[in-house]
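J.: Pasting the sequence and the predicted coordinates here, then a few questions.
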Amino acid sequence: MENKNVYCILCGAENNPQAKFCTKCGQPMEQKDNDIATYLSDKAKEKVKESVTDKAQNAFLALLEKFVNSYLYGVVLSISIVMAATTVLAGGGSSDITEFDNSNLLFEPNMEVIRIDTDLMRLSTSYYYGVAYDENQNIIGSYVCENWPGQHDYSPYQVRIYDENDNLIADETDMDEQMRCIPLKNLNCRVEISEPYMDYIQRTVTTFYPTGEVKNQATYDGEDNMHNTIYYESGSVKEESNTVKTGSGDIEFDSITYNENGDAIGYYSEINGKPDRRREIVYGANYEYTYMYDYDESGAEFMTNQYVIEYDENGREIKRGWLNADGSPDEVSYMTYYDSGAIKTSDTYSGERLTHHSEYAEDGSKTVYYYADGKVYNIMYYDANGGFIKEEKIS
C-alpha cells in the first residue's frame, strides 16, 4: 500500500507519514486541542507585540486567547489575519470592527467601538476600569473588566456597583460572558471590589466623574490600613493619603495635596485622630514658601518656622533657607551670579550673623571664608571639581 504524505495541522507543511515532528515548524504532528490553541496564541503574541501599543495589546491578546481556546480547535489561523485585526484595533486601519462592538458595554448602545483603553485605571489586582471611544475620540462606554479574561478563577472575588443613592445596581453575575466585563451604564456610581488574601480582605472603592474620569479610589487592606487617591477631572492627582495601624496600635494618617500642575502644595498628618503636623507650600512667579505648623495639646495650630526659596528673573536661586515663625532669618543663604549664569558668591547667615562667605571663579573653583564674631578665622580652597586644595587658618 502506498504511504501518502501528511500535512502539519499547524503550518500546512508536507511531511513523511512516519514523522513525529513537523520538518518546518518543529511542532508535534499529533496535536491535542489545547496544544493547537497554545501554539496559535503564542504565535499571535509574537506578532502583536511587534506592532500594537501596550494599551490595546493586553485587551486584544486576552480576547484572542479566549477565542482561540473556545473555537479554533483544529483550525489553521493565518498570522496575516491576526495582524489585520491588530492594525484595526490600534487605529491604523479600517474602523469597521463590529466583531468588537458589544452593546452591553456601552451606555450609548448603538455606537461603534473604535478604541478601547485597558490600563486607564487599575481598580484592583484582578480588575481594571476601561473606557470605549467612538471615531471622534468621545467616551461612549465604560466598564469594569477582568485583567486577563479566562486566565484566572476570580470566583472568590466580589464586584459590587452602587448608584448615587447606595442602591446595588450590578455585581459579578452581570458580567458579560465573552468580554468578561460589567458595563457602567450610570457613571454616578461606586464600584467596590473585594479580594480575599491570606489573613485579610482587600477592598477597593472607586467613584467617577460624570464625564468618565476616575474621581476617587480608596484601597483598604483589612480594617485599618487604607490608601486613598483623589483626582482632578483633568486626570491629575489632587490628593494622596495613607492610614496605617502601627505595631504599637496607633493609627497614623498622612496626606499630600497637589495642584493641577502636579506640584505638592500641602502635607498633613494625624496620630489617633489628633492633628500632628501640617505644611503648606505657596508658589509664586519668583518664590516658593513652605509654612510649618504644629499643634498644642488642645489641638490649636501654631506656626513653627518657614522654608523659603526665591528666584531672580532668570529662574536662578538668590535666596534659600529657614526663617523663624515671625519671618526673621534663622539660617539663610544668598547667591549672586555671573552674566554667564555661573554662581559668583554665596553668603550664609545664622540669624543676623554671617557664618561663611564663598567666592567662585567662573571655572567653578571656589574659596570659602569662615567667620566668627564678624572676623575670618579659616579659609578653604577647592578646585573646579570640588576637590580640596588647601586650608589657611587665621590667627
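T.: Ah, there it is.
J.: does the nearest residue in space to residue 333 that is not next to it in sequence sit in a helix or strand, and which one?
T.: Nearest non-adjacent residue to residue 333, counting by Cβ to Cβ, 6 or more residues apart in numbering: residue 348, 4.5 Å away. C-beta here means a position set from N, CA and C on the backbone, and glycine is covered the same way. Take DSSP states H and E as the rule and residue 348 turns out to sit in strand 343-350.
J.: Only alpha carbons, please: show that strand as PDB.
T.: Written as PDB, here are the backbone C-alpha positions of strand 343-350 (Å, rounded to 0.1, in the frame of the first residue of the first chain):
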ATOM      1  CA  ILE A 343      27.400  81.200  40.500                       C
ATOM      2  CA  LYS A 344      29.600  84.000  41.800                       C
ATOM      3  CA  THR A 345      29.100  84.300  45.500                       C
ATOM      4  CA  SER A 346      27.200  82.600  48.300                       C
ATOM      5  CA  ASP A 347      26.700  84.100  51.800                       C
ATOM      6  CA  THR A 348      25.200  82.100  54.700                       C
ATOM      7  CA  TYR A 349      23.800  83.700  57.800                       C
ATOM      8  CA  SER A 350      22.700  82.300  61.200                       C
END
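J.: Would you mind pulling up the elements that it packs against?
T.: strand 329-337, strand 353-360 (3 or more Cβ pairs under 8 Å, 6 or more residues apart in numbering; DSSP states H and E).
J.: hmm, 10 Å instead?
T.: strand 317-324, strand 329-337, strand 353-360, strand 366-372 (3 or more Cβ pairs under 10 Å, 6 or more residues apart in numbering; DSSP states H and E).
J.: Where in this protein is the helix or strand with the lowest mean pLDDT?
T.: helix 79-89 (a mean of 34; mean pLDDT, DSSP states H and E).
J.: Buried residues in the strand or helix carrying residue 193, which are they?
T.: Element membership for residue 193 (DSSP H and E) is strand 189-196. Across strand 189-196, burial judged by 16 or more other Cβ atoms under 10 Å covers 189, 190, 191, 192, 193, 194, 195.
J.: same question, stretch 275-284
T.: Applying a neighbour-count criterion of 16+ other Cβ under 10 Å, one finds 275, 277, 278, 279, 280, 281 buried in stretch 275-284.
J.: so where's the stretch 51-200 of the chain uncertain?
T.: Applying pLDDT under 70 to the stretch 51-200 of the chain flags residues 51-128, 130-135, 137-141, 143, 145-155, 176-179, 185-186.
J.: Next, count neighbours for residue 220.
T.: The burial count assigned to residue 220 is 19, neighbours taken as other Cβ atoms under 10 Å.
J.: which stretches of the stretch 101-250 of the chain form helices?
T.: In the stretch 101-250 of the chain, no helices are defined using DSSP state H, counting those that start in this stretch.
J.: pretty sure the residue nearest to residue 333 contacts residue 330?
T.: No - in this structure, residue 348 is not within contact of residue 330 by Cβ atoms under 10 Å, at 11.4 Å.
J.: Return every residue with contacts to both of these two.
T.: Common contacts of residue 348 and residue 330, defined by Cβ atoms under 10 Å, 6 or more residues apart in numbering, comprise residue 321.
J.: So for these two, which sits in the more crowded spot?
T.: Each of residue 348 and residue 330 has its neighbours counted (other Cβ under 10 Å); residue 348 has more, 19 against 15.
J.: Contact partners for the more buried one?
T.: Contact partners of residue 348, counting by Cβ under 10 Å, 6+ apart, are 320-321, 331-335, 354-358, 368, 371.
J.: Try it again at 7 Å.
T.: 333, 355, 356 (Cβ atoms under 7 Å, 6 or more residues apart in numbering).
J.: got a markdown table for these, with neighbour count and pLDDT too?
T.: Shown next, in a markdown table, are these (neighbours: other Cβ atoms under 10 Å; pLDDT from 0 to 100):
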| residue | neighbour count | pLDDT |
| --- | --- | --- |
| 333 | 16 | 96 |
| 355 | 14 | 95 |
| 356 | 17 | 94 |
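J.: what's the closest of those to residue 299?
T.: Checking these against residue 299 with Cβ to Cβ, the nearest one is residue 333 at 35.4 Å.
J.: beta partners of that closest one?
T.: Under the criterion DSSP bridges, residue 333 forms beta bridges with residue 320, residue 348.
J.: Bridged to the residue nearest to residue 343 when sequence neighbours are not counted, which residues?
T.: Distance criterion Cβ to Cβ, 6+ apart; nearest residue to residue 343, sequence neighbours excluded, is residue 360 at 5.1 Å. Taking DSSP bridges, one obtains residue 366 as the residues bridged to residue 360.
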